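[1] below is the sequence, then the predicted model.
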Amino acid sequence: MSRIGKLPVTVPAGVEVTVSDKNLVTVKGPKGTLSEQISPLIKIEQENGVVTLTTAESSRDAEMKYGLSRTLVNNMVIGVTQGYEKKLEMIGVGYKAEKKGKDLVMQLGYSHPVIMTDPEGIETACTSATEIVVKGADKALVGNYAAVIRSWRKPEPYKGKGIRYAGEHVRRKEGKTGK
């Protein structure tokens, strides 16, 4: 049995969790509405502000999805109450970012600016010219959009230039040695 799956998910006040007959879990809160299709091998029960998950049958597949399903429901509850955010840092001469409406405009050393429009449910902000903050209720969408931004200029190992997550350690290499 999964140790994570056994833990109950507490639902705070102001958050509404509904489970349809086909295991579609919908969570509504102050930061939005999220829904996730949970495997039919998992049974979801809700009583007194606590959501508990159990396996519907004892199979290897059900055991594998048990902890994942609990984590997905918990992430939705956290997302609609607190939200998620990823911070990115830009390191390099001339690298900068700014917000223009819903567009994120980045100068990354190309001959043209890179313009990215915020997807639905995601909000970006530039706290300074070299810092980007990606915020949203869905943990997967926030992480994916931050990875897409980072993929424009991944940190390189020689000078450390590029876009990296805040606190990310980039392993550095020595350059060529001359005689």
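    Perfect, I can see it now.
[2] from now on I want contacts and neighbour counts done on CA atoms only, so please keep to that.
    Fine.
[3] list of residues touching the top helix by length along the chain?
    Using DSSP state H, we find that the single longest helix of the chain is helix 60-81. With CA atoms under 8 Å, 6 or more residues apart in numbering as the test, helix 60-81 has contacts from 1-7, 9, 11, 15, 25, 27-36, 38-39, 41-42, 53-56, 136-139.
[4] can you flag the buried ones in those?
    Those of the contacts of helix 60-81 that meet the buried threshold are 5, 9, 11, 15, 25, 27-29, 31-35, 38-39, 41-42, 53-55, 136-139, by 16 or more other CA atoms under 10 Å.
[5] show me the shaky parts of this structure.
    Applying pLDDT under 70 to the chain flags residues 1, 179.
[6] in it, what residue spans correspond to helices?
    So, for the chain - with DSSP H - the helices run 3-6, 60-81, 139-150.
[7] packed most tightly, which of the ones you listed would that be?
    helix 60-81 (a mean of 20; mean count of other CA atoms under 10 Å).
[8] follow-up on the earlier one: in strands, which of the buried ones among the contacts of helix 60-81 appear?
    Among those, DSSP state E puts 9, 25, 27-29, 32-35, 42, 53-55, 136 in strands.
[9] now for these: which two are most distant?
    Spanning the widest gap among those are Thr55 and Gly136, at 30.5 Å by CA to CA.
[10] show the contacting residues for Gly14.
    Here Gly14 is in contact with Gly29, Pro30 (CA under 8 Å, 6+ apart).
[11] what of the one 10 residues further on?
    For Leu24, the contacting residues are Ser35, Glu36, Gln37, Ile38, by CA under 8 Å, 6+ apart.
[12] bridged to the first one, which residues?
    Beta-bridge pairing for Ser35 (DSSP bridges): Thr26.
[13] so it makes contact with Thr26?
    Yes. Assessed by CA atoms under 8 Å, Ser35 is found in contact with Thr26 at 4.2 Å.
[14] so what's the nearest residue to Val17 once chain neighbours are set aside up against?
    The shortest distance from Val17 to any non-neighbouring residue, by CA to CA, 6 or more residues apart in numbering, is to Val27 (4.6 Å). Contact partners of Val27, counting by CA under 8 Å, 6+ apart, are Val15, Glu16, Val17, Thr18, Thr33, Leu34, Ser35, Met76, Val77, Val80.
[15] hmm, 10 Å instead?
    Going by CA atoms under 10 Å, 6 or more residues apart in numbering, Val27 touches 11, 15-19, 33-36, 73, 76-80.
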